[in-house]
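Student: build me a structure from this.
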Amino acid sequence: MDRGVLTLILRGSAVLLALALLAVFFWRARNRARVGPVKLRVHPRRVVRSLLLCLAVLAAATLFFWTRPGTSPEGLAILVLAPALLALSPGFQDSLWGAAGVQRGWHARRYGELEEWRLIGEHLRWKLRGQWLATHVPASEHAGLRTMLEAAAPGRESSHGNAGFDPQRAAAAKSKS
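Tutor: This next block holds a predicted model:
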């Protein structure tokens, strides 16, 4: 392959990686503004992500020392930007519960922006474009969160799930059986 074409490909790749990293920074900042101060952060696949990141860094280091593509600024930029992009991108299963909103993976919404919501088990389930997502929220925090959600998103509690659940009526039904 012609050296000029290879340099052009490396420069193009470095620019695209830099633009992607910049987009991730802006996306994360927007999500942080929506979520507010974080109360609970859950990363269920942290070990797998760490292993992938270590493998990416190891592959970049091997490539650098074995073939020496990193001697050019473009090559070095690619070897640094690619693992950085992997490290800073949110995981699809990551969950954030904050003072002002919730986040699941790449998507975050303020409480007032939720289409529908319901509190079940250890989760706040919320609807995004017709699909239900779950954000981890301790059951001990549900009463306070319910009050906040009813104020921010009135009438949007889903009738599916435990909406309108009356613990006293459920206990009475169990005792009669």
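Student: for the protein, which segments count as helices?
Tutor: 3-35, 46-67, 73-88, 142-152, 167-176 (DSSP state H).
Student: list the buried residues in the first one.
Tutor: Under the neighbour-count criterion of 16 or more other CB atoms under 10 Å, helix 3-35 has Leu10, Ser13, Ala14, Leu17, Ala20, Leu21, Val24, Arg28, Asn31, Arg32, Arg34, Val35 buried. For glycine as for every other residue, the C-beta is placed from the backbone atoms N, C-alpha and C.
Student: which residue is the nearest non-sequential neighbour of the most centrally placed residue in the chain?
Tutor: By CA atoms, centre = their mean, the mean C-alpha position of the chain lies nearest to Gly105, the distance being 2.5 Å. Excluding the flanking residues, the one nearest Gly105 by CB to CB, 6 or more residues apart in numbering is Phe92, at 4.3 Å.
Student: distance of the one you found from Leu52?
Tutor: Using CB to CB, to the nearest Å, Phe92 is found at 13 Å from Leu52.
Student: hang on, the earlier thing: can you count the residues close to the residue nearest to Gly105?
Tutor: Using other CB atoms under 10 Å, Phe92 has 10 other residues around it.
Student: from Phe25, how far out is it?
Tutor: Applying CB to CB to Phe92 and Phe25 gives a distance of 19 Å.
Student: tell me how far stretch 116-125 lies from the chain's centre.
Tutor: The chain centroid and the centroid of stretch 116-125 are separated by 17 Å, computed with CA atoms, centre = their mean, to the nearest Å.
Student: can you name the residues that contact the closest residue to Met148 other than its chain neighbours?
Tutor: Leaving aside its sequence neighbours, Met148 sits nearest to Tyr111 (CB to CB, 6+ apart; 6.2 Å). Counting by CB atoms under 8 Å, 6 or more residues apart in numbering, Tyr111 makes contact with Ala100, Gly101, Val102, Met148, Leu149, Ala152, Ala153.
Student: now the buried members of those.
Tutor: Ala100, Gly101, Val102, Leu149, Ala152, Ala153.
Student: list the contacts for the fourth one?
Tutor: Residues touching Leu149, when contacts are defined by CB under 8 Å, 6+ apart, comprise Tyr111, Leu114, Trp117, Leu119, Leu124, Arg156, Glu157.
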